[in-house]
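J.: from the sequence below, what's the structure:
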Amino acid sequence: MHYIQRALETRVAEALKTHPVVVLTGPRQVGKSTLLQHAPFLRGWRYLTLDDPDVLDQARDDPKGLLWEDRPTILDEVQRHTPLFLVVKYLVDRSEGKRKFILSGSGNISLRKEPRESLAGRARYLYLTPLGVSELFQKEHPSALETLILKGKLESYRSHVAADALKTTWRGGLPKVTLAGSTKSVLETLAGYVDTYIERDIQDLVKIRHPENFRRLMAALAKSAGWTTVQEELSNISGEERSNVSRHMSLLQETGLLYEVKGYTSRGERAYRQAKYFWFDSGVACFLAGIHSPGRLRQGGLKGRYFENLVFQQLLAFASLQVVPPDIFYWKPKAEESEIDFILKHEDEVLPVEVKSSPELSYRDSRAVRRFLKTHPEAKRGILVYTGSRVYPIATGIYAVPWTEL
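T.: Numbering: from 1, shown residues only. As a prediction, this is how the structure comes out:
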């Protein structure tokens, strides 16, 4: 099996030095189980998955016996029997924090809430996203985004990654999809993901009376990725009552499939705050929107919208690697037409990130970022993400950054 090394491995290893328990969550099929079974630093750990019927039976009937062996232990798909958290707490406390556990499972509501109550003060929570570009292309040097935030500037250089932004946007970052060969294989993998891991998993959490309406809602949200959406319009499109639309959108967010990005405002500024929504994976968004080939993205301005979702994924991947994850906003003042796709607020750093789906940039393309830097003294620099290959300063404090260098 070809294992793609994950950047989060370092964070897991660091967390285990300071906490007896690490809880690893994330959407289905982003590679959690693969990481836990193949990361070199976890060799020698005992691996148990509650997908195994025998393990699940013992977890229910004899949980102490299941975990009594004094070895570092990985419990995968642990959301299938959450009472195990209390047993883990008991064993950690009994060993005075010397026992080590990694608990992993889908990013559903029970796994995100119950451990925080039973393992308070004992666990570090980490989140695995779809593959970032540094993982897709196995890059060893730090990303331009990380370098800019840590050092405050970027040197000019040319990216050596030759990749098709259109195809990568369409495929997204789910490992099985990226490894699929033909277009047909990609579509079959994504169809299986949507049917099995989205609709069925969500049905396990809450009974959805009209699955066909829920599917239409997901399609409408995918077609409006990166736009401000009105729940009344979504209600009309999906055939669901407005209250159910709100509930279903909250459920998609709770399970890590849909993200809400709110407008950025500084003190006294008149700017829009209405939320935009992005999907956790651009490939899943394209599939739900009925875009079944990369070529379709060239039609009607679709490339820019879903490329923006791909860039959002990279910001999420960056956030998942930080000790204190940054917040992600967008900026759109009410008094003018300027708009910036993303504002990254990371500790004391405020970084505007504008996305352009073209391979060439001009000084004019930096206008919105220049305007933001001029009116927001808390921001010192910004970037324009594009589909070209050079990292270079395009204006004072503003850098052009290829998407492959995020």
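J.: and the host helix or strand of residue 102, which strands flank it?
T.: Assigned by DSSP states H and E, residue 102 belongs to strand 101-104. Partners of strand 101-104 in the sheet, by DSSP bridges, are strand 21-25 (parallel), strand 73-76 (parallel).
J.: return the set of buried residues in the longest one.
T.: Within strand 21-25, the residues that qualify as buried are 21-25, counting by 16 or more other Cβ atoms under 10 Å. Glycine gets a C-beta too; all of them are placed from N, C-alpha and C.
J.: which residues sit against that strand?
T.: Identification of contacts with strand 21-25 by Cβ atoms under 8 Å, 6 or more residues apart in numbering yields 12, 15-16, 32, 35-36, 88, 92, 100-107, 111-112, 115, 119, 122-128, 256.
J.: need the contact partners of stretch 297-314.
T.: So stretch 297-314 is contacted by 129-130, 132-133, 145, 165-166, 168-170, 172-173, 225-227, 259, 261, 278-282, 285-286, 291, 296, 328, 341-342, 353, 355-357, 385, 387, 403, 406 (Cβ under 8 Å, 6+ apart).
J.: sketch out the low-pLDDT regions of this structure for me.
T.: Scanning the chain with the threshold set as pLDDT under 70 gives 1, 107-116, 199-200, 203-205.
J.: from the recorded domain assignment, give the ranges for it.
T.: 8-127, 133-405 (automatic domain parsing).
J.: wait, which of the strands paired with strand 101-104 is closest to residue 273?
T.: strand 21-25 (28.2 Å; Cβ to Cβ).
J.: quick one: distance of the helix or strand following the closest one to the chain centre.
T.: Next in sequence after strand 21-25, counting helices and strands by DSSP H and E, comes helix 32-38. Its chain's C-alpha centre and that of helix 32-38 lie 17 Å apart, by Cα atoms, centre = their mean, to the nearest Å.
J.: packing partners of helix 32-38?
T.: helix 8-18, strand 21-25, strand 46-49, strand 73-76, strand 101-104 (3 or more Cβ pairs under 8 Å, 6 or more residues apart in numbering; DSSP states H and E).
J.: take those and write them to CSV, including distance to residue 220.
T.: Output for these, formatted as CSV (distance: least, Cβ to Cβ, whole Å):
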stretch, distance to residue 220
helix 8-18, 32
strand 21-25, 27
strand 46-49, 36
strand 73-76, 34
strand 101-104, 32
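J.: between those, which one is nearest to residue 55?
T.: The closest of the helices and strands packed on helix 32-38 to residue 55 is strand 46-49. By Cβ to Cβ, the value is 5.3 Å.
J.: name the residues of the helix or strand that the closest one is followed by that are buried.
T.: Once strand 46-49 ends, the next helix or strand along the chain (criterion: DSSP H and E) is helix 53-61. Across helix 53-61, burial judged by 16+ other Cβ under 10 Å covers 55-56, 58-59.
J.: just how off-centre is helix 53-61 within its chain?
T.: Worked out by Cα atoms, centre = their mean, helix 53-61 lies 31 Å from the chain centre.
J.: so the helix ranked longest in the chain versus helix 8-18, what angle?
T.: Using DSSP state H to define each element, the chain has its longest helix at helix 302-320. Here helix 302-320 runs at an angle of 20 degrees relative to helix 8-18 (axes from the mean of the first three to the mean of the last three Cα atoms, to 10 degrees).
J.: name the strands paired with whichever helix or strand comes after helix 302-320 and say parallel or antiparallel.
T.: Downstream of helix 302-320, the next assigned helix or strand under DSSP H and E is strand 327-331. Sheet pairing of strand 327-331 (DSSP bridges) gives strand 258-263 (parallel), strand 340-346 (antiparallel).
J.: which among the contacts of stretch 297-314 count as buried?
T.: Using 16+ other Cβ under 10 Å, the buried members of the contacts of stretch 297-314 are 129-130, 132-133, 145, 165-166, 168-170, 172-173, 225-226, 259, 261, 278-282, 285-286, 291, 296, 328, 341-342, 353, 355-357, 385, 387, 403, 406.
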